[in-house]
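S.K.: fold the following for me, if possible:
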Amino acid sequence: MTVLDMIRFNRHIIIFTFLSVSLAFGQTKNEKEERILFNEFPEKARPYFGSEFPKVKSLKFYKETDGEKASFEAKFKFKKRYFSLEFDTSGKLEDIEVITKTKHIEASVLNHISKYFDEYYDKVRFIKIQKQYKNDSTGNDGNFIRRVLRNNIKNSGFEIIAETSKSGSQTLSEFTFNPDGQFVASRAILPSSYEYVLY
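M.R.: Next up is the predicted model:
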């Protein structure tokens, strides 16, 4: 192999390594959040928490970043359930997540989710399960929020934080499933995000 061939070969190795590392980081969750004041929340979203908003407990506001984009979340407890409302930087509602348990998931849906983990992992421990309601409203986001709070929307996806084991290797990851319990996507969670994802 000539010196020129070696240079070309090494250049290809470097490019391949860079792309592989970039892809890996793109599939890793490294979100961070900071508590903010209500007046720092997107102005468009503030009216949803006005006089018509039900009485909730522990209402707090956060700004969330993942290295690529920023979003805003309102978290609270309502009727013994924990909610998280996520908005983009303009104040548009993106989704609503509600912490739930396996016993509150329809049997056929839970069966599909369980089959996925049984097929790809040796062991699994669910750390947090959330119903995920993607905002499909073309009108006022407030109506969508009220429907979810009243439990008038049954068709939710699922977001699951789980510790999995495969061939002796353990990984903490976030998994998403559609309303039927079919796998959609997953990404590893960095240790720095661990405390954040628990609530």
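S.K.: for Gln182, which non-adjacent residue is spatially closest?
M.R.: His112 (6.0 Å; Cβ to Cβ, 6 or more residues apart in numbering). Glycine gets a C-beta too; all of them are placed from N, C-alpha and C.
S.K.: ok, longest strand in this protein?
M.R.: Scanning the chain for the strand with the most residues, using DSSP state E, yields strand 123-134.
S.K.: partner residues bridging the residue most central in space within the chain?
M.R.: Per Cα atoms, centre = their mean, the C-alpha nearest to the average position across the chain is that of Glu159, at 6.1 Å. When assigned by DSSP bridges, Glu159 has beta-bridge partners Gln130, Thr176.
S.K.: ok, the one 10 residues further on next?
M.R.: Under the criterion DSSP bridges, Ser169 forms beta bridges with Lys166.
S.K.: mind telling me what element the residue nearest to Gln182 is part of?
M.R.: helix 107-120 (DSSP states H and E).
S.K.: name the helices or strands packed onto that helix?
M.R.: Secondary-structure packing of helix 107-120 (3 or more Cβ pairs under 8 Å, 6 or more residues apart in numbering; DSSP states H and E): strand 157-166, strand 169-177.
S.K.: circling back: so for the very next helix or strand once past the longest strand of the chain, mean pLDDT?
M.R.: Counting by DSSP H and E, the next helix or strand C-terminal to strand 123-134 is helix 141-149. The predicted model assigns helix 141-149 a mean pLDDT of 92.
S.K.: orientation of helix 141-149 relative to strand 123-134 in degrees?
M.R.: 140 degrees (axes from the mean of the first three to the mean of the last three Cα atoms, to 10 degrees).
S.K.: may I have helix 141-149 as PDB, with CA atoms only?
M.R.: Output of helix 141-149 as PDB, limited to C-alpha atoms (Å, rounded to 0.1, in the frame of the first residue of the first chain):
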ATOM      1  CA  ASP A 141     -54.900  24.300  22.500                       C
ATOM      2  CA  GLY A 142     -56.900  25.000  25.600                       C
ATOM      3  CA  ASN A 143     -59.700  22.700  24.400                       C
ATOM      4  CA  PHE A 144     -57.200  19.900  24.000                       C
ATOM      5  CA  ILE A 145     -55.800  20.500  27.500                       C
ATOM      6  CA  ARG A 146     -59.300  20.400  29.000                       C
ATOM      7  CA  ARG A 147     -60.200  17.200  27.200                       C
ATOM      8  CA  VAL A 148     -57.100  15.400  28.500                       C
ATOM      9  CA  LEU A 149     -57.600  16.700  32.000                       C
END
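S.K.: now it, how far from the centre of its chain.
M.R.: Mean-position distance between helix 141-149 and its chain equals 19 Å (Cα atoms, centre = their mean, to the nearest Å).
S.K.: which parts of that helix are buried?
M.R.: Asp141, Gly142, Phe144, Ile145, Val148, Leu149 (16 or more other Cβ atoms under 10 Å).
S.K.: what's the most distant pair in the residues you listed?
M.R.: Across the buried residues of helix 141-149, the longest distance by Cβ to Cβ is 12.5 Å; it joins Asp141 and Leu149.
S.K.: returning to what we had before: ok, the residue nearest to the centre of the chain touching Glu97?
M.R.: Yes - between Glu159 and Glu97 there is a contact at 6.4 Å, judged by Cβ atoms under 8 Å.
S.K.: thanks again, I'm all set now.
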